[in-house]
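Enquirer: Generate coordinates for the sequence data below:
(chains A and B)
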Amino acid sequence: MRVMAQMGMVMNLDKCIGCHTCSVTCKQAWTNRAGTEYVWFNNVETRPGQGYPRRYEDQEKWRGGWQLNKKGRLVLKSGGRIKKLLGLFASPVQPELKDYYEPWTYDYKTLIDAPLGDDFPVARPKSLITGKDTKITWSANWDDDLGGAPAMGHLDPIVEKVRKESEDKIKFAFEQTFMFYLPRICEHCLNPSCMASCPSGAIYKRVEDGIVLVDQDKCRGWRQCITGCPYKKIYFNHKTGKAEKCTFCYPRVEIGLPTVCSETCVGRLRYLGLFLYDADRVTDAAAVTDVKDLYQSQMDVLLDPNDPAVAAAATAQGIPADWLDAARRSPVYALAKVYKVALPLHPEYRTMPMVWYVPPLSPIVDLLTEQGHDGEDRGNLFGAIDALRIPVEYLAELFTAGDTDMITDVLRKLAAMRAYMRGITMGEEPDRSIPEAIGMTPESMYEMYRLMAIAKYEERYVIPKAHVEQAHDLEEMGCSVDFEGGPGMYEDSPFGEASGRPTPVAVENFYALKDRQTSDTPSGERSLRNRVNLLNWDGNGSPEGLFPGGRNQPRAAQPSPADLDGRGPAVDSTGGSAGSPSVDP
Amino acid sequence: MNLLLWGVLPYVMVAILIGGSIWRYRYDQFGWTTRSSQLYESRLLRIGSPIFHFGLLAVIAGHFFGLVIPMTWTLAVGMSQDFYHLNALLVGGIAGIGTLGGIVILIYRRRKTGPVFMATTRNDKVMYVVLTAAIIFGLWTTLASVFEGEHGHNYRETVAPWFRSLFIFQPDIAAMAAAPFSFHIHTLVGMLLFTIWPFTRLVHAFTAPLHYLFRPYIVYRSRDKIPGEVRPIRRGWAPIGTEDRARDKR
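Expert: Next comes the predicted model:
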């Protein structure tokens, strides 16, 4: 047994309102650079829908993930090592920009500069790729809220599959529509096929926390990882010629802060915590014959942190005690393995994804309510889950490789929790038969309710800091003591703005936010080392440099390769590049 | 003049090639990439790029065969000069024409596809000129010997001995000087290509990922060990006090 720790995420889809705040804040933090205009480390898809990039789930076309060969061994779906090398000169299945979308901006300048005339000036859309006028035909969430579903709904690969199996049961007639949102980030898989596809070996999994990163110095732009990832969550930076991906906000996670997408989630639907798993068993677990067994085999790889044998092995492998403690309190472990309500996305890709989803009960509740039933009554709900095959089959294709029984089990648990807790809230005698009907005790049901419905901040995010003894090894930890209550967070250093050690971006933002939340003066007016920190701007006053001044005003320093040598905002070569929320005045 | 061209320049070229590559590898890992444009355009690339690259690999193999292996060796194993020549023309010609055809497709694509042309730097343009020139002049030497037939120039008695003599630091300048103009110009352009090589995107060839065949699929790596630094501290740039403290501990 080789015990390893893995940072994982669970998203409770019932709570997602599709506001895209996670996508926007993620983009502001990580991909607001040239070359990454079309890159969304986090995106929110409306399901049914085609997703981003379009129809990425159609693996017959995109050939992502793993499959079993005739001997029952795990091989990359896009081909073995030699085939990959022979296809190096022109990747055989590579999404083009048209499968994503052509990023654009608007010609805002015309609005100001247009000469006086009879017509209102118009800001035309301009392509960010060619710089020419463009026609906007697609985007990262073009089919948001089922937009265009009557015309394009059938293009969803899962709709296609479910339909094939059940004739025309999924109709997109308005009154029968069911819909939910699916926020997606990199899955930080235990058995990542992007990593296996990388000819240079530039993609790696961190030993300490399992975060999958691209070493920007080692990546040579062979772009096989883009084909290899079945979730299409590796993107090609077309300016730098390097692959980039979701970093799980490792600079934040290392100091115990949740990822940007989690922190800013309006619905508070994201959970972060540790899994312990047996690294020796991953390959075998990913190679079980029946795809419907993959969920169970993935569960078996996860280890119980309360098991003394596991704890002993973990300690022997050098996992610190506070990490073990965090693993015991881990909300993601509880949701995935204890309550068994969180499911992996597309286990049939055999990558052992580590971002899990609580399937949404809401489509069913909504349907019941619309039909005039009590949508929260246990009997109605249980009956509906069994009767409404369409959402269940659709969810099963997403989360359990088509096993509808598993989905039904989870939905019944969620339904039971609603019914049971409603009874209590209404002042009725707690109905023990409800939890017992799904094999739970009233106590565990209440615990689950606390975690899922109350969802306190410190229960949602149990993130152990990168360990103290290793503190000096961490770029964002390096001298956290110096920052906390030290010589002042973002005050000027004695020798001017750029002197002294660079302040880690995450630390800076954390204190800036705290300042904004606690101070009673308009915040954000102080400039942060030549940058405008919009995170800290509360809308009162205008921070220096927010708007361009006269022509003679010097431009703020652009992030340049020179930043990589350790000066400037903390930037790591290994995980994406410049991550500072900088705005060029 | 001959001394300069065939006795000095080759060493200058090699020095720049090796020195430049080491320098680039040490200080510009981030820029070391194919800078693929497949995201913008895939259809023409999928035709042109494999033709060019595989053609080029065959051309490189041909150069090795022609320049490194002495004529006496092939004669010794019973390969007649005529047979060798025919082979070289046939295989070399096909490979050369393929390479040229491939690069023509690629250049056409680069010029005609808006986004690809916009992503083309001046560096790329210079590189394309030199690379294409080297291929064209190389093909010229081959085709010329087709038309000259029997009386064609045998480069294995001039260019090849000179090439091998370079490695023992006793360049056989006279042999090279005796080669016809077409070979001279091809060699010079070739040397120019290798001189600019480390400073262009061509460097990606030096990191051809052959180790992919042998490495394990899943890569585990520990967090970076050096705080706040992306690269190891270079000599002369260590923070104040570091060395002393390190010595104290010892």
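
Enquirer: Show me the helices in chain B, by range?
Expert: B:2, B:9-27, B:43-63, B:71-76, B:81-112, B:114-118, B:122-148, B:159-167, B:173-177, B:181-196, B:242-249 (DSSP state H).

Enquirer: looking at those helices, which is closest to A:G201?
Expert: The closest of the helices of chain B to A:G201 is helix B:9-27. By CB to CB, the value is 16.1 Å. In this view, the C-beta of every residue, glycine as well, is placed from N, C-alpha and C.

Enquirer: Could you count how many residues lie near the closest residue to B:T113 other than its chain neighbours?
Expert: The shortest distance from B:T113 to any non-neighbouring residue, by CB to CB, 6 or more residues apart in numbering or on different chains, is to B:E41 (4.5 Å). With neighbours defined by other CB atoms under 10 Å in any protein chain shown, the count for B:E41 comes to 18.

Enquirer: which residues touch the nearest residue to B:W162 once chain neighbours are set aside?
Expert: Nearest residue to B:W162 in three dimensions, chain neighbours excluded: B:M176, at 3.7 Å (CB to CB, 6+ apart). Residues counted as contacts of B:M176 (CB atoms under 8 Å, 6 or more residues apart in numbering or on different chains) are B:2, B:6, B:158-159, B:162, B:184, B:187.

Enquirer: Name the nearest of those residues relative to A:D118.
Expert: Distance to A:D118, by CB to CB, is smallest for B:T187 among the contacts of B:M176, at 68.0 Å.

Enquirer: check contacts around that closest one.
Expert: B:T187 is in contact with B:159, B:176, counting by CB under 8 Å, 6+ apart.

Enquirer: quick one: it from chain A, how far?
Expert: For B:T187, the distance to chain A equals 27 Å [CB to the nearest CB, to the nearest Å].

Enquirer: circling back to that earlier point, for the contacts of B:M176, which one is nearest B:A133?
Expert: Of these, the one sitting nearest to B:A133 (CB to CB) turns out to be B:T187, at 12.2 Å.

Enquirer: Domains in chain A, by residue range?
Expert: Domains of chain A are assigned by automatic domain parsing as A:1-101+A:138-342+A:351-358+A:445-478, A:364-440, A:486-545+A:562-585.

Enquirer: For stretch A:256-272, output the C-alpha coordinates as PDB.
Expert: Written as PDB, here are the backbone C-alpha positions of stretch A:256-272 (Å, rounded to 0.1, in the frame of the first residue of the first chain):
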ATOM      1  CA  GLY A 256      -4.900  26.900   3.200                       C
ATOM      2  CA  LEU A 257      -7.100  29.200   1.100                       C
ATOM      3  CA  PRO A 258      -9.800  27.700  -1.200                       C
ATOM      4  CA  THR A 259      -9.400  27.900  -4.900                       C
ATOM      5  CA  VAL A 260     -10.700  31.100  -6.600                       C
ATOM      6  CA  CYS A 261     -13.700  29.300  -8.100                       C
ATOM      7  CA  SER A 262     -14.700  27.900  -4.700                       C
ATOM      8  CA  GLU A 263     -14.100  31.000  -2.800                       C
ATOM      9  CA  THR A 264     -16.200  33.100  -5.100                       C
ATOM     10  CA  CYS A 265     -19.000  30.500  -5.700                       C
ATOM     11  CA  VAL A 266     -22.200  32.300  -5.000                       C
ATOM     12  CA  GLY A 267     -24.200  29.100  -4.400                       C
ATOM     13  CA  ARG A 268     -21.500  27.800  -2.000                       C
ATOM     14  CA  LEU A 269     -21.700  24.500  -3.800                       C
ATOM     15  CA  ARG A 270     -18.000  23.600  -3.800                       C
ATOM     16  CA  TYR A 271     -16.300  21.500  -1.200                       C
ATOM     17  CA  LEU A 272     -12.500  21.100  -1.000                       C
END
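
Enquirer: Now do it: distance to the chain's middle.
Expert: Its chain's C-alpha centre and that of stretch A:256-272 lie 10 Å apart, by CA atoms, centre = their mean, to the nearest Å.

Enquirer: Flag every buried residue along it.
Expert: Neighbour-count burial for stretch A:256-272, counted by 16 or more other CB atoms under 10 Å in any protein chain shown, picks out A:256-265, A:267, A:269-272.

Enquirer: Residue ranges in chain B under the pLDDT threshold?
Expert: Within chain B, the segments meeting pLDDT under 70 span B:149-152, B:224-250.

Enquirer: could you list every residue that touches the spatially most central residue of it?
Expert: Centroid-nearest residue in chain B, with CA atoms, centre = their mean: B:F194, separated by 5.9 Å. By CB under 8 Å, 6+ apart, B:F194 lies in contact with B:13-14, B:17.

Enquirer: For ChimeraX, write the select line for the buried members of those.
Expert: Selection command for ChimeraX covering only the buried members of the contacts of B:F194, criterion 16+ other CB under 10 Å:
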select /B:13,17
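
Enquirer: okay, the contacts of B:F194 in CSV with distance to chain A next?
Expert: Below are these laid out as CSV (distance: CB to the nearest CB, whole Å):
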residue, distance to chain A
B:M13, 24
B:V14, 24
B:L17, 19
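
Enquirer: I'd like to know which of the contacts of B:M176 are buried.
Expert: The buried subset of the contacts of B:M176 - by 16+ other CB under 10 Å - is B:6, B:158-159, B:162, B:184, B:187.

Enquirer: Just the closest of those to chain A, please.
Expert: Distance to chain A across the buried ones among the contacts of B:M176 (CB to the nearest CB) is lowest for B:T187, with 26.9 Å.

Enquirer: how much space between that closest one and A:G117?
Expert: 64 Å (CB to CB, to the nearest Å).

Enquirer: again, but for A:D386
Expert: A:D386 sits 65 Å away from A:G117, going by CB to CB.

Enquirer: Same drill for these two, tell me which one is more crowded.
Expert: Taking neighbours as other CB under 10 Å, A:D386 and A:G117 compare with A:D386 leading, 12 against 7.

Enquirer: Just list the residues touching the more buried one, thanks.
Expert: A:D386 is in contact with A:T408, counting by CB under 8 Å, 6+ apart.

Enquirer: Kindly indicate whether it is helix, strand or coil.
Expert: Look at A:D386: counting by DSSP: H, G, I helix; E, B strand; the rest coil, its state is helix.

Enquirer: check contacts around the residue nearest to the spatial centre of chain A.
Expert: With distances taken as CA atoms, centre = their mean, the residue of chain A nearest its centroid is A:I185 (2.6 Å). By CB under 8 Å, 6+ apart, the residues touching A:I185 are A:9, A:26, A:41-42, A:233, A:246, A:248, A:259, A:261, A:355.

Enquirer: Can you give me the pLDDT of it?
Expert: As predicted, A:I185 sits at a pLDDT of 97.

Enquirer: any idea how far it is from chain B?
Expert: From A:I185 to chain B the distance is 20 Å (CB to the nearest CB).

Enquirer: cool, and A:D366?
Expert: Counting by CB to the nearest CB, the gap from A:D366 to chain B is 40 Å.

Enquirer: give me the element that residue is part of.
Expert: A:D366 is part of helix A:362-370 when elements are defined by DSSP states H and E.

Enquirer: thinking again about what came up before, looking at the buried ones among the contacts of B:M176, spot the one nearest B:Q81.
Expert: Of all the buried ones among the contacts of B:M176, B:T158 has the smallest distance to B:Q81: 14.3 Å, by CB to CB.
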